[in-house]
Every structure is written in structure tokens, then in C-alpha cells.
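**Student:** everything below, folded, please.
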Amino acid sequence: LRSTSRTSRNMAPKAAGGANPEPENEAKSQFLLEIAAVPFVVFRCPMMKLRFLSSTWRPSKNLVLAGCFVIYFLLISGIIYDYTQEPPFMGHTRDPRTGMVVAQAFMKGRVNAQYMVEGLAAGMLFCAGGGGFILLEMSQSHGLMNKNNRHLLTFAGLLLVLISYSLTQLFIRMKIPSYLAQTV
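**Tutor:** Below you'll find the predicted structure:
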């Protein structure tokens with residue numbers, strides 16, 4: 001307890017004359033430090049070295065990236081929404097001209113609802129865009145990469161980003177027909 005009181009005295013602000021400007025705050029903080037030190041008087045922390053942590057298997061950086069990417073895909077695809085709301089995999093509509101039942105992939109007009117296939121397609125597009133940004137970052141890293149590979153990675157990254165962006169806009173326009181429509 002003696003060391004905690006010494007640290008609280010060092011942390012308290014001092015006035016120009018050496019007196020403490022707020023003695024009641026120092027008394028409160030001293031009391032709280034003494035209360036927090038009570039369990040360490042009763043219990044002693046064990047002195048042990050955990051050697052098994054250094055010998056356990058650690059995943060590689062690429063495996064961690066792949067795991068994070070899979071989790072990102074599942075969360076962006078709406079797996080939690082699919083689990084709680086249990087929407088159908090695809091919808092069905094009746095064609096007004098022929099009268100036949102046609103499969104529908106997008107729940108039109110409902111922004112806060114989705115079919116399972118709609119969420120999976122959107123998740124794939126977002127992951128493709130994220131992969132494109134990763135390829136762009138890899139192409140600009142200063143490694144032992146030759147010029148042709150750098151240009152190929154830049155082109156592939158830009159292509160993935162542009163394709164995912166344009167298809168995502170197309171999906172939004174299919175879901176909300178009047179999205180970004182110019183009104184006169």
C-alpha cells in the first residue's frame with residue numbers, strides 16, 4: 001500500500017507554491033487506490049512462466065487474412081439476417097404476359113429485406129472489391145517484384161474494383177428502380 005500512495009502523490013497536480021490545489025480530490029484518489037490494493041494484500045499473484053505459448057502453432061499471415069476474409073464475406077452477406085429472419089433462397093413472381101412463374105433474385109422495393117442469393121451475390125461483390133484493393137496495395141509494395149508483375153497486379157486490382165463497384169450499383173438499381181434517377 002505504501003507504493004500506491006507514493007504514486008498517487010506523484011500524479012497529483014501541484015500549484016506554483018508547492019501546495020496541492022485540490023486536497024479533496026487527492027484524498028478521494030488515495031482512498032480509491034487503497035481500495036483497489038486490498039485484493040492484492042489478501043491474494044498473491046502466482047509467479048509462473050507460460051512456456052507452452054511459445055511452442056504452440058501459430059497461423060501464417062495469409063491464413064489469418066483468408067479467415068478474416070471469410071468472416072467478412074459471411075457478415076456482409078447477411079448471414080445473421082438470414083439466420084434470424086429465415087428468408088427464402090429466391091423469390092418467385094408471375095410474368096404478366098405469359099402467366100408463368102419466374103424466379104426473382106432481388107426483393108424489389110424493400111431496402112431492409114433480402115433473399116439469400118441476393119445477400120450472397122452482394123457479399124461476393126464486396127469481397128471482390130476488397131480483393132482488388134489488396135492487389136493494388138501489393139502492386140505498390142517495394143519488394144523484389146519485376147515491372148510486368150507490378151503492372152499485372154495493378155491492372156487486376158483496378159479491374160476487380162471497377163467491376164465490383166459497377167455491379168453493386170447495378171444491383172442497387174435493380175432493387176430500387178428510382179435510385180440516382182435524375183428528376184426534372
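
**Student:** quick check: mean pLDDT across stretch 136-154?
**Tutor:** For stretch 136-154, the per-residue pLDDT values average out at 86.

**Student:** no, scratch that, I was asking about stretch 177-184
**Tutor:** The average pLDDT for stretch 177-184 rounds to 71.

**Student:** kindly report the same for stretch 85-95.
**Tutor:** 91.

**Student:** buried stuff in that stretch?
**Tutor:** Across stretch 85-95, burial judged by 16 or more other CB atoms under 10 Å covers Pro87, Gly91. All C-beta spots, glycine's among them, are computed from the backbone N, C-alpha and C.

**Student:** stretch 104-122 now?
**Tutor:** By neighbour count with 16+ other CB under 10 Å, stretch 104-122 contains the buried residues Ala105, Phe106, Met107, Gln114, Tyr115, Met116, Val117, Glu118, Gly119, Leu120, Ala121, Ala122.

**Student:** could you do stretch 25-37 as well?
**Tutor:** Glu26, Leu33.

**Student:** which residue ranges form the helices in this structure?
**Tutor:** Counting by DSSP state H, the chain has these helices, from start to end: 2-11, 23-42, 52-55, 61-76, 79-85, 116-139, 147-175.

**Student:** by mean pLDDT, point me to the weakest helix or strand of the chain.
**Tutor:** When the helices and strands of the chain are scored by mean pLDDT, DSSP states H and E, helix 2-11 comes last with a mean of 46.

**Student:** is Val117 in contact with Met90, as I believe?
**Tutor:** Yes. Using CB atoms under 8 Å, Val117 is in contact with Met90, at 5.3 Å.

**Student:** distance of Ile172 from Pro46?
**Tutor:** For Ile172, the distance to Pro46 equals 57 Å [CB to CB, to the nearest Å].

**Student:** geometric centre of this protein: which residue is closest?
**Tutor:** Nearest to the mean C-alpha position of the chain, counting by CA atoms, centre = their mean, stands Tyr72 at 7.0 Å.

**Student:** residues contacting that residue?
**Tutor:** Neighbour list for Tyr72: Phe126, Cys127, Gly130 [criterion: CB atoms under 8 Å, 6 or more residues apart in numbering].

**Student:** narrow those residues to just the buried residues.
**Tutor:** So, by 16+ other CB under 10 Å, the buried ones in the contacts of Tyr72 are Phe126, Cys127, Gly130.
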